[in-house]
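>>> give me coordinates for this.
(chains A, B and C)
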Amino acid sequence: MQGEFADTGELVGVDLACRRGGRLVFAGLDCRLPAGGALLLTGANGSGKSSLLRLMATLLPPAEGRLSWGGVPVMEDAPRYRAALHYVGHLEGTKPALSGREMLRFWAALHGEAPPAIDAALAAFGLETVADWPCRWLSAGQRRRLALARLVAAPAPIWLLDEPAAALDADGEARLVNAIAEHRAGGGRVALATHQPIAVSEAARIALDDFAASPDAALAAAW
Amino acid sequence: MAAFLGLFRRDLRLALRQGGEVGLVLGFFTLAVLLFPFGVGPEPELLDRIAGGIIWVAALLAAVLSLDRLFAADHADGGLDLIALSPLPLELSALAKIMAHWVTTGLPLTVISPLLALFVNLDPEGIPVLTLGLLLGTPALSLLGGIAAALTLGARRPGVLVSLVVLPLYLPPLIFGSGAVEASLTGDGAYAHLLLLGAVTLAALPLAPLATAAALRQALD
Amino acid sequence: MLSRFANPARFMRVSGAALPWFGAAAAAVLAVGLVWSLAIAPPDYQQGESVRIMFIHVPAAWMSLSVYLLVAMASAVALVWRHPLAEVAAQAAAPIGAAFTLICLATGSLWGRPMWGTWWVWDARLTSVLVLFFLYLGYIALVNAFDDRDRGARAGSLLALVGVVNLPIIKFSVDWWNTLHQPASVVKLGGPTIATSMLLPLLVMAVGFMLLFGWLLLLRMRTILNERKAEALRLYGQPANRRERAEALTGDAVARS
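The predicted structure is shown next:
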């Protein structure tokens, strides 16, 4: 497999469990994300799709289990792991008073030292004309495109996307699918949670409902 | 380094662009100071006696009120997640935001304080000590306030809660700062007070970001 | 040793057995102490009978500080080792500590009235205890300010640690402030020295207060754990085998209703 991310390690999760708000959301979950791979997370509301993505982004500590990147447990070298991932959650993180270009530059600076590919990112998601507008003038779909644009502005091998197509029109969704395909072709990997069908080829599926905690386990964990 | 400066500059830009946040802090500070003559009477000797305390208490209250914009916006719009995911340690990110907060809160308060000192009839001898004290002490207010602001993210009624949590922490700067002004007026010398004030800020500089980052991590869940 | 009590069910068993003993011991020691301090110990030659308030005021002050240190230690254990009962202990202890603080402030006020003619005097110790009261209030308010109980507990633990680090600094600054504004008088509610005839009943009262605190702490911890048990059962127990599950979890027979 060719591409800039082809020789980076595999993301492996073993026996992951997650607790949120005192409730055991899922337990005993294994996942594997090799170079060029995709992971599709499905499940009912509250089944833990967002929680799993946040756990994979180290925003949440796992209640049990281990996550490792290239054979190294993630928490042993957290800055290196975080520099290798992008997380796009429900909230866009855009500031009303800043322009799209300023947001991309800021996000890229947060992410690392490499000079950002701002124009390429704006072009990939069709935001050239609105790049210098303050974000309060952008529609919800445009803000989501901007949040997704940072995936292209600062390259990283792992993409964790939570409902990325929400609020996107057909054109936006096509651009997203395109960006994902190009990323995977270059060896990058994607984990995404979605309710809508998104055209992601050859994706491993994880149905979070299968890993819901049994009532006994949930009771034991809460008490 | 780019991340630290980027975060610092972004927060500065947001504070300056988003409609007069600096102005609001200064406005409240001025109003709070001006209330006192109405409350205790305008006799010059009385006001001179309590002027240092008035200005310091008003600065404290203005600082407390400004704390809600330190982390709450980033927490609400998902920006905190991205800051936490930066390779820059969360402690340094917190420090960058606190520094930007000080530049847009503590520093303007310090600059305007000589003018307000006139309204409460502070002896001109006390004004340099007042200003220097505020310059040394307002960073501590931002640093300690950052801990309280981070701890209360996602709480019900965060505004009132922040005040309750932070005011005991604000007592030492208040005591040393206003004590310095009083000491300079009675001729005792404000040196010891200012040293202690500086010590509080220096101690808070490495420690407060540690506690703030720990609190921010709790808020990420 | 702490890990032996990590299991809530075992803690409930042990504390249930220990509770009556703590209660009886506290009642006995406090009875002895109160009689000794209120009836037997001699009145002070300066302050007369009103010095007897000291026998409640001073132990209450000691307890208010000790309990805060306990809350901070339990919080440290909760954050670092994630001991499941440490947070419960801290949350149970805080209101008791706040109550001791209030007792200290009230008795201090009552004590000061005959001496200085005012209901409140800003002496160094009373002021420090007042600040301590607000530290307790802040902790209790923070823990209860979140819909997510775990988040509140963790935030409170961190605040307790921040508070305990700040406590010496605040105490120092209050002492500093006090000497600035009352340079001449020796305003010390304890008096310059304490005679042995007063020291012994004081220590007895202190021990009594500690036993009382222990009894109240165990009682509150059991109450908190029972509340959590009830909540967990309501959320996850299913009608069919709720009783068996509850018995298995708590180790004691659930009342047949």
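>>> okay, and whichever residue of chain A sits closest to chain B sits in which element?
Closest residue of chain A to chain B, CB to the nearest CB: A:L91 (2.8 Å). In this view, the C-beta of every residue, glycine as well, is placed from N, C-alpha and C. Remark: A:L91 resides in no helix or strand, with elements defined by DSSP states H and E.
>>> residues touching it, list them.
Applying CB atoms under 8 Å, 6 or more residues apart in numbering or on different chains to A:L91 gives the contacts B:76-78, B:81.
>>> low-scoring pLDDT stretches of chain A, where are they?
By pLDDT under 70, the low-scoring segments of chain A are A:1-2, A:215-223.
>>> can you pull the residues of it lying near chain B?
A:20, A:57-60, A:79-80, A:82-83, A:85, A:87, A:89-98, A:102, A:105-107, A:109-113 (CB under 8 Å from any CB of the partner chain).
>>> now these: which count as buried?
Using 16 or more other CB atoms under 10 Å in any protein chain shown as the burial test, the residues of chain A next to chain B include A:20, A:57-60, A:82-83, A:85, A:87, A:89, A:91-95, A:97-98, A:102, A:105-107, A:109-112 as buried.
>>> host element of the residue lying closest to B:L130 once chain neighbours are set aside?
Distances taken as CB to CB, 6 or more residues apart in numbering or on different chains place B:V181 nearest to B:L130, at 5.1 Å, with adjacent residues excluded. Secondary structure from DSSP H and E places B:V181 in helix B:158-186.
>>> what residues of that helix count as buried?
Applying a neighbour-count criterion of 16+ other CB under 10 Å, one finds B:158, B:161-185 buried in helix B:158-186.
>>> do the same with stretch B:18-36
For stretch B:18-36, by 16+ other CB under 10 Å, it's B:21-22, B:25-26, B:28-30, B:32-33, B:36.
>>> what does that stretch contact?
The set of residues external to stretch B:18-36 that reach it, using CB under 8 Å, 6+ apart, is A:96-97, B:15-16, B:47, B:50, B:54-55, B:57-59, B:61-62, B:65-66, B:69, B:104-105, B:108-109, B:112, B:116, B:119-120.
>>> filter the residues you listed down to the ones in helices?
Per DSSP state H, helices hold the following members of the contacts of stretch B:18-36: B:15-16, B:47, B:50, B:54-55, B:57-59, B:61-62, B:65-66, B:69, B:104, B:108-109, B:112, B:116, B:119.
>>> which residues sit in contact with the residue at minimal distance from the centre of chain B?
In chain B, the C-alpha nearest the mean C-alpha coordinate belongs to B:L141, at 3.6 Å (CA atoms, centre = their mean). Contacts for B:L141 (CB under 8 Å, 6+ apart) come out as B:59-60, B:63, B:106, B:170, B:173.
>>> and the helix or strand containing A:I206, what does it pack against?
Assessed by DSSP H and E, A:I206 sits inside strand A:204-207. Packing partners of strand A:204-207 (3 or more CB pairs under 8 Å, 6 or more residues apart in numbering or on different chains; DSSP states H and E): strand A:23-33, strand A:38-42.
>>> distance to chain C and mean neighbour count for these - can I get that in CSV?
What follows is the helices and strands packed on strand A:204-207, written out as CSV (distance: least, CB to the nearest CB, whole Å; neighbours: other CB atoms under 10 Å in any protein chain shown):
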stretch, distance to chain C, mean neighbour count
strand A:23-33, 8, 19
strand A:38-42, 23, 21
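>>> among these, which is nearest A:V200?
strand A:38-42 (5.0 Å; CB to CB).
>>> quick check: next helix or strand after that closest one?
The C-terminal neighbour of strand A:38-42 among helices and strands, as given by DSSP H and E, is helix A:49-56.
>>> show me which residues of chain C are close to chain B?
For chain C, the residues in contact with chain B (CB under 8 Å from any CB) are C:131, C:134-135, C:137-138, C:141-142, C:145-148, C:151-152, C:154-155, C:158-159, C:161-163, C:165-166, C:169-170, C:172-174, C:176-177, C:180.
>>> three-state assignment of the residue nearest to the centre of chain B?
The three-state label given to B:L141 by DSSP: H, G, I helix; E, B strand; the rest coil is helix.
>>> per-residue pLDDT, it?
Per-residue confidence (pLDDT) for B:L141: 97.
>>> that one and B:A117, how far apart?
B:L141 sits 18 Å away from B:A117, going by CB to CB, to the nearest Å.
>>> how many neighbours does residue 140 have?
No chain in the question, so chain A it is. Neighbour count for A:A140, taken as other CB atoms under 10 Å in any protein chain shown: 11.
>>> meant chain B, my bad for not saying
28.
>>> what of C:V121?
Neighbouring residues of C:V121 were enumerated by other CB under 10 Å; the total is 18.
>>> what strand or helix carries it?
Assigned by DSSP H and E, C:V121 falls within no helix or strand.
>>> test my guess that it contacts C:W111.
No: C:V121 lies out of contact with C:W111 (CB atoms under 8 Å); the separation is 9.6 Å.
>>> got a list of what the closest residue to A:A44 other than its chain neighbours touches?
Leaving aside its chain neighbours, A:A44 sits nearest to A:D209 (5.9 Å; criterion: CB to CB, 6+ apart). Counting by CB under 8 Å, 6+ apart, A:D209 makes contact with A:43-44, A:47.
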